[in-house]
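>>> fold the following and give me the result.
(one chain, ligands or ions: 1)
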Amino acid sequence: MRHEYFIPCAPGVERTLFKEVKALKLPRAEQQVGGVRFVGETQHAWQANLELRTAVRVLQRLARFSCRTDDQLYTEARAIDWSPYLDPDGTFFVDAQVRDSTLTHSQFVAQRTKDAIADWFLKSTHRRPSVSKDDADLRVHVHLSADRATISVDTSGESLHKRGWRRYQGFAPLGECLAAAMTLEADWDRRAPIVDPFCGSGTLLIEAALLAADVAPGLFRKFGFERWPNHKADPYTKFFEQTAARMRWPSKLRLHARDFEAQHIEGLHSNFSALAELPASGAPTAEQLDRTLIAETGNALDFPWQEGWGALILSNLPYGIRIGDSAEVKDLHCEFGRALRMQCKGYSLALLLGDKQLAHSLGLKEWASRELRNGALRCQFVSTRLA
Ligand SMILES: C[S@@+](CC[C@H](N)C(=O)[O-])C[C@H]1O[C@@H](n2cnc3c(N)ncnc32)[C@H](O)[C@@H]1O
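Predicted coordinates for the structure are as follows:
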């Protein structure tokens, strides 16, 4: 049976997500503001959850209707058959986003939807699921915009940026989906060495390694749909195993990491070692991981760049908001830019910077940039090849 799905992503990432969706051949895909819509079978939702690197979640739309009053919302929510998604003894949570509508309070919208779902179960089963914010069996989303309501169930459960490999956070980790978007948009053949001289917890290098190894980013984790009463565990296990079997560790790939905080380098090693635990026959051994990652504590400005290396410099420099003072951060960009211009001819660059001014501070001749959001922070993604 076909369903309509919406895949939200971070602002600015829609185009990259759409390319991913097209590459997976998800049916009837359409790029929209804030994400990508498609219409497909349950198996397509499994695939979207397992494979998409830049998706934040995969929502299955159950109802769309015009909504000006809470009675309309209640009646429509109560008309949905909830039995495929939640057991009467299970737990659920509703969240709502409201914009430019007659109903203005998102919490009230969530509450009325919650009442409708609970009442539907009481009427049809004489039992009532309970509400749980953490670790709910079912998460329901209500989106109300210009008096049009959409009620969706979240097939992902926890946000898809929670891959399952992160053991160390660091101070300002880049979101995994954004790191994946940068890696996908970088000028990189998936073989050239990568350098992240401001590596922090190593998000960019790990997401790049997953891409090069053809590891679906969802292999580490469970999804919301696995807890639904209508979930077909056997075909999903087969599908999961086929996806996992594609993994091939790129034994020649070299990832060079630096950070001047020793604890980040330690944390990066701990995050990277989680890749050995991938549930796939091609998962790397500890020795393979050691050969791939060359990480050391040190100043990015002293990195030993090698002539003719043709590496990708994939990095997220300090912004000056969460880390460091802004004049210091500007000087750092000027000095880093000088090193790049003098020592890195032929290298590709894919950098996430605090703003356009900082991009200018690098002193590069030509570069493309676009705005991306790292959580609430507006950033500039800068890419180029150094001539
Ligand atoms: C924005 S954070 C990078 C976060 C990282 N992408 C992650 O996902 O965890 C910037 C990092 O640069 C490091 N850093 C700042 N100045 C540095 C320098 N001159 N040399 C090396 N590392 C530096 C900080 O310690 C911090 O970990």
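
>>> name the residues of the stretch 51-200 of the chain found near the ligand, please.
Taking CB under 6 Å from any ligand atom, the part of the stretch 51-200 of the chain that reaches the ligand is made up of G170, A172, P173, L174, F198, G200. Any C-beta I mention is one placed from the backbone N, CA and C, and that applies to glycine too.

>>> contacts only, for the third one.
With contacts taken as CB atoms under 8 Å, 6 or more residues apart in numbering, P173 has the following neighbours: R166, G200, S201, T203.

>>> looking at the stretch 101-250 of the chain, which residue is nearest the ligand?
G200 (2.7 Å; CB to the nearest ligand atom).

>>> what pLDDT does the closest residue to that residue other than its chain neighbours get?
Excluding the flanking residues, the one nearest G200 by CB to CB, 6 or more residues apart in numbering is G170, at 4.5 Å. At G170, the model reports a pLDDT of 93.

>>> so how many other residues sit close to G170?
19 (other CB atoms under 10 Å).

>>> which of the residues of the stretch 51-200 of the chain next to the ligand lies closest to H256?
Closest to H256 out of those is F198 (12.0 Å), distances taken as CB to CB.

>>> backbone dihedrals for the closest one, please?
Here is the backbone geometry of F198 (degrees, to the nearest 10): phi -130, psi 60.

>>> re earlier: which of the contacts of P173 sit farthest apart?
Pairwise over these, using CB to CB, the maximum falls at R166 and G200, 11.7 Å.

>>> neighbour count: the two, which is higher?
Neighbour count, other CB under 10 Å: between R166 and G200, G200 has more, with 25 against 20.

>>> wait, that one touches L174, no?
Yes. Counting by CB atoms under 8 Å, G200 touches L174, with 7.4 Å between them.

>>> give me the common contacts of these two.
N316.

>>> need the residues of the stretch 51-200 of the chain next to the ligand in TSV with distance to T113 and secondary structure, can you?
Converted to TSV, these look like this (distance: CB to CB, whole Å; DSSP: H, G, I helix; E, B strand; the rest coil):
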residue	distance to T113	secondary structure
G170	37	coil
A172	35	coil
P173	33	coil
L174	34	coil
F198	44	coil
G200	39	coil
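
>>> and the residue nearest the centre of the chain?
Central residue of the chain (CA atoms, centre = their mean): C177, 2.4 Å from the mean position.

>>> part of a helix, is that one?
Yes. Under DSSP: H, G, I helix; E, B strand; the rest coil, C177 falls within a helix.

>>> what residues are up against it?
C9, A10, V13, R53, T54, A55, V56, L160, H161.

>>> so what's the closest residue to the first one other than its chain neighbours up against?
To tie it back to what came earlier, the one meant is C9. Leaving aside its chain neighbours, C9 sits nearest to L17 (4.5 Å; criterion: CB to CB, 6+ apart). By CB under 8 Å, 6+ apart, the contact set of L17 is I7, C9, Q31, G35, V36, L52, T54, A55, A181.

>>> if anything else comes up later, I'll come back, but that's it for now.
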